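# Build me a model from this:
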Amino acid sequence: GRGAPLGTMDALPRQGITPIAPDEAVKLTMQLASAPPASHVMACGRLGDPPTIRYADDPPPLYRFLEQPRVVVPGVELVCDSEVSLRNDPYLEDHAFKGEPLLPAVMGLEAMSQVARMLSGEAPSRIDNVELLQPVTLATMRVASLRSGDRVDVAVRSSSTQFKLDHFRARVTVGPRPERPRIDLPIGEVDLDPVDDLYGPLLFHTGRFRGVKRYRVLTATHCVAEIAPHADSLFHRYLPAHLLLGDATIRDAAIHALQACVPQATVLPQGIGSVELFAPVEGPTIVVAHETARHADGFVYDVDLAAPDGQLFERWHGLRLQIVARRERIDDLAPALWGPFLERELDVRVRVGEADTPVLHRHDGKPLAADGHVSRSHDSEVTLTVTHEKPVGVDVQQVEGEHWDSIIGPHDHGLTDVCAKLSGDDRRYAAARVWSARESMKKLSGDALVPLVVDTCGNHGRVTFRSGPHRIDTYVMRDSIVAVAKERNE
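Residues are numbered from 1 along each chain as shown. A predicted model of the protein is given here:
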């Protein structure tokens with residue numbers, strides 16, 4: 001155009017006016033040439049806010065995060081600000097990580113969906129390429145969106161970083177939602193009390209966000225949990241309360257319910273490949289999650305959110321959980337969490353509690369498995385069953401109330417001394433480790449008096465013994481010792 005000869009190319013951007021790039025202009029011209037005739041057409045880049053141009057000034061819908069529209073080009077671009085504060089958003093008091101209130105990722109998705117809805121005039125049906133890059137804290141939150149067809153690219157920024165950094169990003173697809181699928185929901189009950197065993201020891205959530213009520217299934221790679229809604233309002237009473245995606249506390253609980261699958265670390269959501277939206281999340285909800293991948297710093301899960309009758313609210317593909325901290329202590333874990341912990345640490349399958357179906361045994365009492373090898377141990381009120389593709393042995397021993405020096409015998413006193421010195425254990429626990437290591441080897445090989453030496457000490461209070469080609473890993477779990485013997489990986 002004439003901008004370059006007139007010398008205005010540098011001045012225009014300072015007024016919020018941007019030119020159309022040549023390649024984009026050619027593409028746009030071809031689209032206009034092939035489009036049906038129109039009485040008036042204007043093709044332009046951003047025009048800033050000139051007094052000579054005004055768009056249709058329809059009032060925005062009443063949504064929480066449309067508080068202050070800053071840029072409005074109907075059907076093309078929308079930028080909205082909202083003040084995120086404890087006054088406006090009292091739920092943030094219940095979502096404080098290490099004392100700092102943080103906007104839940106699911107609330108960021110809600111904000112992006114609200115802006116996409118206002119821009120397009122249609123409800124979101126799918127959210128793709130969700131990136132949770134930086135936390136959003138108490139500040140002015142800006143949601144910027146740009147539409148192309150039925151897709152709206154959205155970014156969340158914050159005054160805490162001068163609006164120069166994308167904290168969240170996603171692509172929202174708008175249009176009719178698909179029919180709700182129905183899935184079969186597993187039944188069962190895990191002996192775990194979320195109030196005492198999860199919230200506080202593993203999870204930082206309080207108040208409104210303590211939604212996990214019960215687990216039906218819990219392993220390192222699979223969980224089924226029941227989630228209940230919370231009655232307290234999320235926003236200040238003078239702010240709009242309607243949520244496009246449904247109850248945000250339920251959707252947040254669907255994410256942090258997975259923490260029980262990784263009890264040795266603290267994980268936070270890093271992103272989601274895609275979210276299929278079938279209906280707003282409301283009422284009692286069942287979350288069904290399966291791990292699909294893992295790497296050194298995190299895990300990937302597919303997650304279904306369903307009503308109690310199995311009809312889906314949402315389906316998430318590729319929920320990425322990032323490890324942000326690793327727990328040093330695991331001796332305070334509830335027994336139901338021992339299974340996921342041991343599965344991740346030792347690459348075995350573990351069941352805590354009695355089996356759902358009767359277990360067959362050999363004449364010497366060793367349990368039999370249809371697939372692989374199995375070992376079982378019971379002490380006090382804890383039963384552990386460990387399955388592995390190769391021979392395996394497990395033992396659980398309660399430490400308190402036993403005279404361990406007399407139980408292990410003089411031949412193992414030296415081994416106990418070395419174990420106590422290297423691990424820092426009380427001697428009773430060191431002696432119980434030695435005894436439990438021998439018992440697990442007895443179940444694996446049939447001989448409790450095999451040669452045994454201390455090999456290494458590792459994370460989470462692990463002490464590993466070695467016996468020929470076998471390793472025996474021992475842990476202090478509450479007031480018990482758990483030992484698992486199997487072949488060493490060369």
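
# Kindly indicate whether residue 377 is helix, strand or coil.
strand (DSSP: H, G, I helix; E, B strand; the rest coil).

# pLDDT at it, what is it?
Listed pLDDT for residue 377 reads 92.

# Test my guess that it contacts residue 394.
Yes: when contacts are counted by Cβ atoms under 8 Å, residue 377 is listed as touching residue 394 (5.0 Å). From N, CA and C alone the C-beta is placed, and that goes for glycine too.

# These two: which is more packed in?
Using other Cβ atoms under 10 Å, the more surrounded residue of residue 377 and residue 394 is residue 394, with 27 against 21.

# Just list the residues touching that one, thanks.
For residue 394, the contact set (Cβ atoms under 8 Å, 6 or more residues apart in numbering) comprises 375, 376, 377, 384, 385, 386, 440, 443, 482, 483, 484, 485.

# can you pull up the bridge partners for it?
Counting by DSSP bridges, residue 394 is bridged to residue 484.

# And it, how close does it get to residue 382?
Using Cβ to Cβ, to the nearest Å, residue 394 is found at 11 Å from residue 382.

# before we move on, what about residue 462?
Relative to residue 382, residue 462 is positioned 19 Å away (Cβ to Cβ).

# And for residue 459?
Counting by Cβ to Cβ - residue 459 and residue 382 are separated by 22 Å.

# what about the two, which has more around it?
Between residue 459 and residue 382, counting by other Cβ under 10 Å, residue 382 is the more crowded of the two (19 against 11).

# The more buried one against residue 335, yeah?
Yes: applying Cβ under 8 Å, one finds residue 382 in contact with residue 335, separated by 5.0 Å.

# Now the common contact residues for those two.
residue 352.

# now stretch 201-211: mean pLDDT?
If you average the pLDDT values across stretch 201-211, you get 96.

# measure it end to end?
Taking Cα to Cα, to the nearest Å, stretch 201-211 runs 16 Å from one end to the other.

# ok, now how distant is the residue lying closest to residue 188 once chain neighbours are set aside from residue 286?
With sequence-adjacent residues excluded and distances taken as Cβ to Cβ, 6 or more residues apart in numbering, residue 188 is closest to residue 216, at 4.5 Å. Using Cβ to Cβ, we find residue 216 at a distance of 8 Å from residue 286.

# Next, show the common contact partners of the two.
Common neighbours of residue 216 and residue 286 (Cβ under 8 Å, 6+ apart) are 185, 224, 225, 226.

# out of those residues, who has the most neighbours?
Result: residue 225 is most packed of these (other Cβ under 10 Å), 27 neighbours.

# Quick check: which element contains it?
Assigned by DSSP states H and E, residue 225 belongs to strand 222-227.

# ok, that strand: who's next to it in the sheet?
When DSSP bridges is applied, strand 222-227 pairs with strand 212-218 (antiparallel), strand 285-295 (antiparallel).

# I'd like those strands as JSON lines, with distance to residue 118 appended.
As requested, these are arranged in JSON lines below (distance: least, Cβ to Cβ, whole Å):
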{"stretch": "strand 212-218", "distance to residue 118": "33"}
{"stretch": "strand 285-295", "distance to residue 118": "27"}
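
# element containing residue 171?
Here residue 171 is assigned to strand 168-174, by DSSP H and E.

# Distance from the chain centre to that strand, please.
Offset of strand 168-174 from its chain centre (Cα atoms, centre = their mean, to the nearest Å): 19 Å.

# Please list the residues outside that strand that contact it.
Applying Cβ under 8 Å, 6+ apart, the contact partners of strand 168-174 are 105, 108-109, 112-113, 116-117, 120, 122-133, 136, 145, 150-156.

# Mind checking which of the residues you listed land in strands?
Counting by DSSP state E, the part of the contacts of strand 168-174 found in strands is 124-132, 145, 151-156.

# how long is stretch 164-175 end to end?
End-to-end distance (Cα to Cα), stretch 164-175: 31 Å.

# got it, and stretch 229-236?
19 Å.

# can you give me the helices for the stretch 301-450 of the chain?
335-346, 404-408, 413-423, 427-445 (DSSP state H, counting those that start in this stretch).

# still on that earlier bit, who does the strand holding residue 171 pair with, and is each partner parallel or antiparallel?
Short version: by DSSP bridges, strand 168-174 pairs with strand 124-132 (antiparallel), strand 151-158 (antiparallel).

# which of these is buried the deepest?
strand 151-158 (a mean of 23; mean count of other Cβ atoms under 10 Å).

# Pull the contacting residues for residue 141.
Shown in contact with residue 141 (Cβ under 8 Å, 6+ apart): 65, 81, 82, 83, 84, 103, 111, 156, 157, 158, 159.

# Name the nearest of these relative to residue 417.
Using Cβ to Cβ, residue 103 comes nearest to residue 417 of the contacts of residue 141, at 53.4 Å.

# how deep is the closest one tucked in, by neighbour count?
24.

# Would you agree it falls within a helix?
No: using three-state DSSP, the secondary structure at residue 103 is coil, not a helix.

# Could you pull up phi and psi at it?
Dihedral angles of residue 103 (phi, psi; degrees, to the nearest 10) stand at phi -70, psi 120.

# Distance of it relative to residue 336?
31 Å.

# closest to residue 454 among the ones in strands among the contacts of strand 168-174?
Nearest to residue 454 among the ones in strands among the contacts of strand 168-174, with distances taken as Cβ to Cβ, is residue 132, at 43.1 Å.

# Do I have it right that the closest one meets residue 108?
Yes: the pair residue 132 / residue 108 is scored as a contact, 7.2 Å apart, by Cβ under 8 Å.

# still on that earlier bit, how about the strands paired with strand 222-227 in TSV, adding mean neighbour count?
Putting these into TSV (neighbours: other Cβ atoms under 10 Å) gives the following:
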stretch	mean neighbour count
strand 212-218	19
strand 285-295	18
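
# Show me the one of the ones you listed that comes nearest residue 436.
strand 212-218 (24.0 Å).

# what's in contact with the closest one?
185-190, 192, 194, 198-199, 223-228, 253, 256-257, 260-261, 286, 336-337, 339-340.
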